[in-house]
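Trainee: below are the sequence and a predicted model for it; my questions follow.
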Amino acid sequence: MSAPNFLFFVSDQQRYDHVGYFGNNILQTPNLNGLAGKGSWFSRFFVSSPVCMSNRATFMTGRMPSVNGVRLNGVPLDLDSVTFVDILRAAGYQTSLIGKCHLQGMVEAASKAPRQNDPELKPPPTYLGEALRSHHPDEEYKMEMQEVWARTPAYEEHINTPYYGFDEVQFCMGHGDKVSGHYTRWLETKEQSSVGQGIKHASDTSAVDAPQVYKPEISEEYYPTKFVEEQTIEQLEQYAKDGNDQPFFIQSSFPDPHHPFTPPGKYWSMYDPEDMELPASFHNASRDAIPPVRYLWDEYEKGGENPRWTYPFVTGEAQARDILAKTFGQITMIDDAIGGVLKALDRLGLRENTVICFMSDHGDYLGDHGLMLKGPMKYQSIIRVPFIWCDPMDRYNRGQIDSLGSTLDLAKTVLARAGLQAFNGAQGENLLPVLESASAAQDRSLLVEFSTQYPYLGFDDLVAVNTLIDGPWRLSVWQGCEWGELYNLEKDPDELHNLWGVPDFAGIRGELMLSLVQSMQDHAETSPYPLSVS
């Protein structure tokens with residue numbers, strides 16, 4: 001068989017249990033269920049960081065955020081980085097990305113903490129102000145910034161390709177109905193550019209005043225999810241029309257299901273909030289398990305929470321149910337879009353040699369411990385995501401897989417399936433042996449990172465958390481803190497009982513602390529740089 005094609009679907013901020021095939025009997029995802037039924041799906045697949053840019057950069061490079069440099073949102077992936085898509089392209093693949101990329105910042109606001117300058121000392125020149133020089137002008141790191149697109153006519157002509165390995169890009173920047181980029185240009189071709197965005201133009205809002213919930217003015221046929229579906233199908237049709245012998249890699253990346261929670265048309269009322277099942281921990285939240293959770297609950301109880309931004313917040317039950325219902329509407333719309341793309345794949349005769357994958361870049365608390373959105377509290381709801389691998393070669397399709405898998409593994413896995421070796425410095429494991437046989441499962445642990453460049457949640461300094469997933473255990477160490485987290489996920493799947501300070505578990509805590517340090521050492525840089533050029 002010739003080199004396989006790859007069609008990689010990516011959603012944004014979707015929990016591992018928000019798919020029908022995992023046992024969710026309310027959420028309708030028939031197309032994802034079909035892929036999972038024909039292929040393989042991981043029940044314990046983890047992100048490398050529960051933040052969009054950090055985990056997407058890990059996906060592309062096969063390198064942890066602390067190594068690839070994208071430690072948090074707003075820090076762009078170095079344009080000198082090698083991605084697995086670069087390797088595919090060099091091997092003759094046609095490479096395309098449609099939708100959300102988010103390897104560069106989407107807003108111009110600086111993500112860096114203010115530098116503490118000593119007024120009595122002379123500062124260095126601007127070009128020597130950081131620890132590393134840049135080989136690229138600042139303009140090359142503004143390709144995904146919404147404000148730049150808004151004020152620059154035909155900005156798409158400024159995009160330099162290949163873009164991190166992609167020969168073709170069609171950007172969606174933003175979330176919900178507040179999306180721009182190539183999507184805006186597409187709306188102009190549909191004569192929809194006058195339609196308003198945001199809650200000011202909403203045709204309906206939450207009946208219980210749930211934060212960031214509204215029905216957008218844009219109809220479902222022009223919503224960003226539809227743009228990703230249509231443009232992906234166009235890519236497939238063009239590929240089939242060209243009759244090219246080159247294989248393709250297409251990343252079809254949806255901006256949903258992400259706040260604001262704005263399912264359009266029929267998807268707005270598809271799910272009744274009263275039918276929603278909130279996480280068990282919503283009704284039994286461990287408010288005092290760690291200080292930042294207590295801080296968020298204190299804010300809520302005092303009426304000082306900020307539910308209109310991107311930070312985690314606590315909300316009431318009625319609001320949580322409404323947010324969850326609207327999230328399900330967004331997910332079902334994505335599933336319908338995937339179904340449309342799969343029909344095109346069949347119609348064009350391309351399915352028989354195409355590996356189809358689905359994953360999300362991270363999860364969302366969505367009621368877990370009473371919380372919404374995402375943050376440094378690494379509950380399963382934000383660090384575990386769905387992952388499906390559906391392969392034309394049946395030996396890689398064996399249904400549910402309970403072995404640990406990670407976003408960090410995907411670069412090596414895709415390249416191995418294409419018959420290509422990864423570059424020096426790529427981390428993670430090739431999952432093909434695990435996809436092929438249960439006996440290949442390794443006794444492994446996973447590292448999950450998180451960091452900010454700003455203080456929040458009651459901290460006076462930046463927030464950094466390193467987490468180890470090892471067998472039934474989840475250990476999280478917070479920088480500068482004597483307290484931490486230890487949970488037995490088998491006995492306490494809802495993470496209600498923090499065992500960090502329990503004397504009977506001091507031994508296992510010490511063992512896991514050593515494993516965490518060793519895992520951090522194992523994931524340090526190994527690629528020599530700078531390289532000598534002969």
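Mentor: Right, received. Where do you want to start? All values reported here derive from a predicted model rather than from experimental measurement.
Trainee: helices along the protein, start to end?
Mentor: If DSSP state H is used as the criterion, the helices of the chain fall at 30-38, 52-61, 65-68, 84-90, 146-151, 182-189, 224-242, 280-283, 291-301, 317-347, 380-383, 410-417, 432-436, 506-522.
Trainee: now render these as JSON lines, adding mean pLDDT, mean neighbour count and distance to residue 99.
Mentor: All C-beta atoms are positioned from the backbone trio N, CA, C, and that covers glycine. Below are the helices of the chain laid out as JSON lines (pLDDT from 0 to 100; neighbours: other CB atoms under 10 Å; distance: least, CB to CB, whole Å):
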{"stretch": "helix 30-38", "mean pLDDT": "98", "mean neighbour count": "19", "distance to residue 99": "17"}
{"stretch": "helix 52-61", "mean pLDDT": "96", "mean neighbour count": "27", "distance to residue 99": "12"}
{"stretch": "helix 65-68", "mean pLDDT": "94", "mean neighbour count": "22", "distance to residue 99": "21"}
{"stretch": "helix 84-90", "mean pLDDT": "97", "mean neighbour count": "20", "distance to residue 99": "15"}
{"stretch": "helix 146-151", "mean pLDDT": "90", "mean neighbour count": "16", "distance to residue 99": "15"}
{"stretch": "helix 182-189", "mean pLDDT": "94", "mean neighbour count": "18", "distance to residue 99": "8"}
{"stretch": "helix 224-242", "mean pLDDT": "96", "mean neighbour count": "20", "distance to residue 99": "4"}
{"stretch": "helix 280-283", "mean pLDDT": "92", "mean neighbour count": "17", "distance to residue 99": "31"}
{"stretch": "helix 291-301", "mean pLDDT": "94", "mean neighbour count": "17", "distance to residue 99": "31"}
{"stretch": "helix 317-347", "mean pLDDT": "98", "mean neighbour count": "22", "distance to residue 99": "10"}
{"stretch": "helix 380-383", "mean pLDDT": "98", "mean neighbour count": "26", "distance to residue 99": "21"}
{"stretch": "helix 410-417", "mean pLDDT": "98", "mean neighbour count": "22", "distance to residue 99": "17"}
{"stretch": "helix 432-436", "mean pLDDT": "96", "mean neighbour count": "20", "distance to residue 99": "26"}
{"stretch": "helix 506-522", "mean pLDDT": "97", "mean neighbour count": "14", "distance to residue 99": "32"}
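Trainee: quick one: closest of these to residue 272.
Mentor: With CB to CB, the closest approach to residue 272 among the helices of the chain belongs to helix 317-347: 6.6 Å.
Trainee: what's the angle between that closest one and helix 224-242?
Mentor: With axes from the mean of the first three to the mean of the last three CA atoms, to 10 degrees defining the directions, helix 317-347 sits at 10 degrees from helix 224-242.
Trainee: packing partners for helix 317-347?
Mentor: Contact analysis of helix 317-347 by 3 or more CB pairs under 8 Å, 6 or more residues apart in numbering; DSSP states H and E lists strand 5-11, helix 30-38, helix 224-242, strand 354-360 as its packing neighbours.
Trainee: at 6 Å what do you get?
Mentor: Where contact means 3 or more CB pairs under 6 Å, 6 or more residues apart in numbering; DSSP states H and E, helix 317-347 is packed against helix 30-38, helix 224-242.
Trainee: run the angle between that helix and strand 354-360 for me.
Mentor: 170 degrees.
Trainee: can you give me the end-to-end distance of stretch 420-429?
Mentor: Its start and end residues considered, stretch 420-429 measures 14 Å (CA to CA, to the nearest Å).
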